[in-house]
Structure formats: C-alpha cells, structure tokens
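In: Pasting a predicted model and its sequence here:
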Amino acid sequence: MSNTNTPNTETNSLENQLGTNSPDGEMIGQAATDKVGFYGVGPVVQQTGNTVVNTTGMNSGTSGLYSTTTLNAAFITAVANIQTALKNLGLSS
C-alpha cells in the first residue's frame, strides 16, 4: 500500500491517502488476528459474534418483529453484537 500526501483544498493541509488504485481494491489486515482500529480507538482483532439475523418467523404486522419472544431476543442479541463490534473498531460511538 502506498502513502501519498495530497493538498486538501479546503484547509490547505495535507491528507495521507492510502491506496494503490488497484482494480482489485484495498485490504486492511491480512488475517483475523491482525489488529485494526479507526478514529483513535486502539486496534483490535477481527470481531466475532452472533451477527446472523434469522428472518424466518418475522411478522408483517405490528405485533412485534418476530412471532416468538425467543426469536425477538435472538434478533436483539445479534444487533447488540454488531453494535459492540463497530464500537470496538471505533466505527460507532
């Protein structure tokens, strides 16, 4: 990955841009154990957890998201795990 400094026309400061303009894109971290952090948050390894949201049993009405409290609880847990992972990476407050 190359680093280039490009003048920022709004503030006349220099931005540090990471990238190679590769048609294959860019990658941060090569393994799940490589640590990454954003916005000044300490780097952490790849986040794991139950982030699969079951769509079987969803209600189309207004009586709750799912047809059972067990499915509702599983959905809430999955969303909470996603929020925690984003916060750990510095991508959410």
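Out: Yes, it's here. Numbering: from 1, shown residues only.
In: does residue 44 have beta-bridge partners, and which?
Out: Residue 44 has these beta-bridge partners by DSSP bridges: residue 36.
In: again with residue 18
Out: Going by DSSP bridges, residue 18 forms beta bridges with residue 3.
In: Surely it is in contact with residue 27?
Out: No. Judged on CB atoms under 8 Å, residue 18 makes no contact with residue 27 at a distance of 10.8 Å. From N, CA and C alone the C-beta is placed, and that goes for glycine too.
In: all strands for the chain, in order.
Out: In the chain, the strands defined using DSSP state E lie at 3-7, 14-18.
In: what's the last one packed up against?
Out: Same thing as strand 14-18. strand 3-7 (3 or more CB pairs under 8 Å, 6 or more residues apart in numbering; DSSP states H and E).
In: just to revisit the earlier point, averaging pLDDT over each of the strands of the chain, which comes out lowest?
Out: Among those, strand 3-7 has the lowest mean pLDDT, at a mean of 57.
In: Where does pLDDT dip in this protein?
Out: Along the chain, segments meeting pLDDT under 70 span 1-14, 50-52, 54-67.
In: all helices of it, in order?
Out: Per DSSP state H, the chain carries helices over the ranges 69-89.
In: isn't residue 35 right up against residue 41?
Out: No. Residue 35 is beyond contact range of residue 41, at 10.8 Å (criterion: CB under 8 Å).
In: Could you check which of the two has the larger neighbour count?
Out: When residue 35 and residue 41 are compared for neighbours, residue 41 comes out ahead with 15 against 10, by other CB atoms under 10 Å.
In: Pull the contacting residues for the nearest residue to that one once chain neighbours are set aside.
Out: Spatial nearest neighbour of residue 41, excluding adjacent residues (CB to CB, 6 or more residues apart in numbering): residue 90 at 3.0 Å. Shown in contact with residue 90 (CB atoms under 8 Å, 6 or more residues apart in numbering): 37, 38, 39, 40, 41.
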